[in-house]
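Peer 1: I'd like to go over a predicted model; first the sequence, then the structure.
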Number of protein chains: 2
Amino acid sequence: MLIAGQAGNGEGMSKGKNVYKDAYNRCLRLLDETRQLPSEPELGTALGVSRTTVRAILGRMQETGLIEWNKRDKTVLRAPVEQDFFPEEETDTLSQVIERSFMRRLLEGGAEAGIQINELELAREIGVGTTSVREFLIRFSRFGLIEKRRNSHWVLKGFTRSFALELTEIREMFELRSAAAFARLPVDNPAWAALDALEAEHRALQKSIATRFSEFSELDERFHRLIHSASHNRFIVDFYDVIAMIFHYHYQWNKAGERERQRNEAAVGEHLVYIEALKSRDAAKVDSACRMHLKSARRTLLTSMPEAAGAEG
Amino acid sequence: MLIAGQAGNGEGMSKGKNVYKDAYNRCLRLLDETRQLPSEPELGTALGVSRTTVRAILGRMQETGLIEWNKRDKTVLRAPVEQDFFPEEETDTLSQVIERSFMRRLLEGGAEAGIQINELELAREIGVGTTSVREFLIRFSRFGLIEKRRNSHWVLKGFTRSFALELTEIREMFELRSAAAFARLPVDNPAWAALDALEAEHRALQKSIATRFSEFSELDERFHRLIHSASHNRFIVDFYDVIAMIFHYHYQWNKAGERERQRNEAAVGEHLVYIEALKSRDAAKVDSACRMHLKSARRTLLTSMPEAAGAEG
DNA sequence: GTAATGTCTTTTATCGGGAAAAAACATTTA
DNA sequence: TAAATGTTTTTTCCCGATAAAAGACATTAC
């Protein structure tokens, strides 16, 4: 049951430097493009971190002979090699580590609905502190898969058929409404340009679907998020996080090879019809194209789920 | 800015005994009804706590001369007096203390949209640890009023008109669907009996609305939760938590005296029409009664909000 | 022998502490 | 004098520790 040293923040305690390591790796990739690095604030913006972290990165880059650093002068001395990078797994946030570990159990192992979730045990098995696990579970609870018993344990509600049905019910309600709102967007709204760009990406992917079918998942998310953004409703927008999470892990562990390729190919086609409908701004067309796509998305999800219905309270 | 000793778990550290104190107070009320307390497991079930806590309660009751406790024998010696009770504020969960304190700032103080929320400062002002504040904020974030900047502060999105509109949009979508589902419930479903009971409560309240109008709020929540339960969708059911939270604090700090009385009286009437419609099982009638009520609920919420529209990202 | 009480173990809720990262302030440089 | 760098302070993130509370096991009583 025990998964050895999954995480484990070195020897000591406290925070862990994944922000630094991740930014460092990304900064290494910047080195290929220039002879001279920009100012500290600029680098901070580019990497999405504070100047404190930027300076820590520059410090190490100087130590390892990657750059010459003297105040404003940050000259690149050599191209980074494989060894300069921090290992991928050290760049993940604790939150991601816990989530992945938790989801693996949920989808792989015999995680029957109704079982108890033990914070302490989870923390020990993943190799992190209890606080992090608690915070993760609280954040995760909004996905509707776990539930807290006051002053006591969490209960797993299970990744059941019933869950999938409830999820898709809301999804369909929200997407239909968002799609309708999208079609009503004024012509000068930037969303139309974004839609055109996505359409082009869809057409490009369609041409080489045989080899690039696995790229669909990411495109799919961006497409649906764009639609949902037209709702201008934070609850609708936020709800897509639930869908994205489910799809992310579901695809990751349920890849079906040829079948997946076929589904993605079909989905690309549906998206293109959907996009055409939106561009026509014809409410009825939008509604029908949206329904069509949602129906097959629902089927895709449901066919890969255990048939045994979970009796819910 | 500092709110003195809001909470403050005595002197030491660690957990705080609000579960014990709350259960103790509730147990005191049980003392009036019997001469002899039931077994420990039975008491635990009645109070919703473990035997460990029950025994702690019995221990103190013996010490203070409320009962004679010898194994199975738990004889009541005297009726509890005011002094026997723990102060109300000590029976609240830390979570509740933090929530109340936070909501007060949000609704009273000048909490403009966009301001930063500081975990440390909040923790110090309320007088609790940072972990509890963090956990609260994570839990609270699902209400859509705050948002986290990774590795940085939280941002207050504000209790704005825009928030109210987004909230009611979802509310209406969900309630319309739930109401329709309710009307389709088989006649032997226990929900119908529950509806009858609620109808009776409504009629009783209607008769003495002049004096008991403040009791409506609680009845309102039970009524709508019953409707939503017919959806058999956890996301719909859970969403009512957002609405309930908003209404709870909103009413608490925006009582408008006579105006509130009028609104509640009107709402009771709307509920009764709504209930009749449900009982008729006529989809069109249900839809129209539901819409009617939601419309006035929306108006009530919006009229009490700052008119200045909050421009959202 | 079942259901209570008595005792011991495990888990949860909460705190304070400390390193990582951000943010604020001070100083220098173009 | 504005934008950089240098320095200090504050805040976030995460851990381990500890009392409260739950839960499990052992014993007793009806």
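Peer 2: Okay, I see it. Residues are numbered from 1 along each chain as shown, chains lettered A, B, ... in the order given.

Peer 1: Could you tell me which residues of the stretch 51-200 of chain A lie near DNA strand C?
Peer 2: With CB under 7 Å from any atom of the strand as the criterion, the stretch 51-200 of chain A comes near DNA strand C at residues A:51-53, A:56, A:71-72, A:117-121, A:130-131, A:134, A:150-154. For the C-beta atoms, the positions are set from N, CA and C on the backbone; glycine is no exception.

Peer 1: wait, residue A:283 sits on residue A:179?
Peer 2: No. Applying CB atoms under 8 Å as the test, residue A:283 and residue A:179 come out as separate, 9.3 Å apart.

Peer 1: ok, the two, which is more surrounded?
Peer 2: The neighbour comparison of residue A:283 against residue A:179 (other CB atoms under 10 Å in any protein chain shown) goes to residue A:179, with 26 against 13.

Peer 1: Name the residues of the helix or strand where that one lies that come out as buried.
Peer 2: Using DSSP states H and E, residue A:179 sits in helix A:161-183. Judged by neighbour count (16 or more other CB atoms under 10 Å in any protein chain shown), helix A:161-183 contains these buried residues: A:161-175, A:177-183.

Peer 1: do stretch A:235-249 as well
Peer 2: A:235-237, A:239-240, A:242-243, A:245-247, A:249.

Peer 1: ok, back up a step: any residue of the helix holding residue A:179 up close to chain B?
Peer 2: Yes. For helix A:161-183, a contact with chain B is found by CB under 8 Å from any CB of the partner chain, at A:163, A:166-167, A:169-170, A:173, A:177.

Peer 1: could you say which helix or strand contains the nearest residue to residue A:159 once chain neighbours are set aside?
Peer 2: Spatial nearest neighbour of residue A:159, excluding adjacent residues (CB to CB, 6 or more residues apart in numbering or on different chains): residue A:106 at 5.8 Å. Using DSSP H and E, the secondary-structure element containing residue A:106 is helix A:94-107.

Peer 1: After that helix, which helix or strand is next? Please name it.
Peer 2: Taking DSSP H and E, what comes next after helix A:94-107 is strand A:116-117.

Peer 1: now for that next one, which elements pack on it?
Peer 2: strand A:154-156 (3 or more CB pairs under 8 Å, 6 or more residues apart in numbering or on different chains; DSSP states H and E).

Peer 1: Just the residues contacting the strand it packs on, thanks.
Peer 2: A:106, A:111-117, A:119, A:137, A:141, A:145-149 (CB atoms under 8 Å, 6 or more residues apart in numbering or on different chains).

Peer 1: what about the closest residue to residue A:129 other than its chain neighbours, neighbour count?
Peer 2: Distances taken as CB to CB, 6+ apart put residue A:123 closest to residue A:129, at 6.1 Å, once the chain neighbours are dropped. For residue A:123, the tally of surrounding residues (other CB under 10 Å) stands at 18.

Peer 1: surely residue A:123 meets residue A:130?
Peer 2: Yes. If you go by CB under 8 Å, residue A:123 and residue A:130 touch, sitting 4.6 Å apart.

Peer 1: Restricting to C-alpha, output the helix or strand bottoming out on mean pLDDT in chain A in CSV.
Peer 2: Counting by mean pLDDT, DSSP states H and E, chain A has its least confident helix or strand at helix A:209-212, which shows a mean of 87. Extracted C-alpha coordinates of helix A:209-212, given in CSV (Å, rounded to 0.1, in the frame of the first residue of the first chain):
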residue,chain,number,x,y,z
ILE,A,209,-5.1,13.7,-37.1
ALA,A,210,-3.5,10.3,-37.6
THR,A,211,-0.3,11.3,-35.8
ARG,A,212,-1.3,14.2,-33.7
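
Peer 1: what comes up buried for that helix?
Peer 2: Applying 16+ other CB under 10 Å to helix A:209-212 flags residue A:209 as buried.

Peer 1: Same question for stretch A:34-43.
Peer 2: Buried-residue list, stretch A:34-43, by 16+ other CB under 10 Å: A:37, A:40, A:43.
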